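Student: Build me a model:
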Amino acid sequence: MNLNIPKIEKEINRLGLTHTSLAKLMNKSRTTVVTLLHKKKGGFTLKTVENFARALELDPKDLIL
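Tutor: Modelled structure (predicted):
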């Protein structure tokens, strides 16, 4: 499963979040979030998509390519 990373980054900026604050919302470490955002290939789990969507107040389907 591939994530729409540009959309995620746009929403992070729109909401005025930092990687640290996003990580707290996702209950993950900052390092994990940064690694996920810079991942070049797919392989994201549904749980990861749901975590990003919940933190960014989006529907998970909006984040899937």
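Student: In which helix or strand does the residue most central in space within the chain reside?
Tutor: The chain has F52 as the residue nearest its centroid, 3.7 Å off, counting by C-alpha atoms, centre = their mean. Secondary structure from DSSP states H and E places F52 in helix 46-56.
Student: which other helices and strands contact that helix?
Tutor: For helix 46-56, the elements it packs on are helix 5-15, helix 19-26, judged by 3 or more C-beta pairs under 8 Å, 6 or more residues apart in numbering; DSSP states H and E. Yep, even glycine has a C-beta here, placed from its N, CA and C like the rest.
Student: Show me what counts as buried in the shortest one.
Tutor: When neighbours are counted by 16 or more other C-beta atoms under 10 Å, the buried residues of helix 19-26 are found to be L22, A23, L25, M26.
Student: what's the answer for the longest one, then?
Tutor: Using 16+ other C-beta under 10 Å as the burial criterion, the residues of helix 5-15 that qualify are I5, K7, I8, E11, I12.
Student: Next one: the last one relative to L25, how far apart?
Tutor: It stands for I12. Per C-beta to C-beta, to the nearest Å, I12 is found 10 Å from L25.
Student: next one: the fourth one
Tutor: From E11 over to L25 the distance is 12 Å, taken as C-beta to C-beta.
Student: what angle separates the least confident helix or strand in the chain by mean pLDDT from helix 46-56?
Tutor: The weakest-scoring helix or strand in the chain, judged by mean pLDDT, DSSP states H and E, is helix 30-37 (a mean of 93). For helix 30-37 against helix 46-56, the angle by axes from the mean of the first three to the mean of the last three C-alpha atoms, to 10 degrees is 110 degrees.
Student: Helix 30-37 - contacts with which helices or strands?
Tutor: Where contact means 3+ C-beta pairs under 8 Å, 6+ apart, helix 30-37 is packed against helix 5-15, helix 19-26.
Student: so where's this structure shaky on pLDDT?
Tutor: Counting by pLDDT under 70, the ranges of the chain that qualify are 40.
Student: make it 80
Tutor: Applying pLDDT under 80 to the chain picks out residues 40-43.
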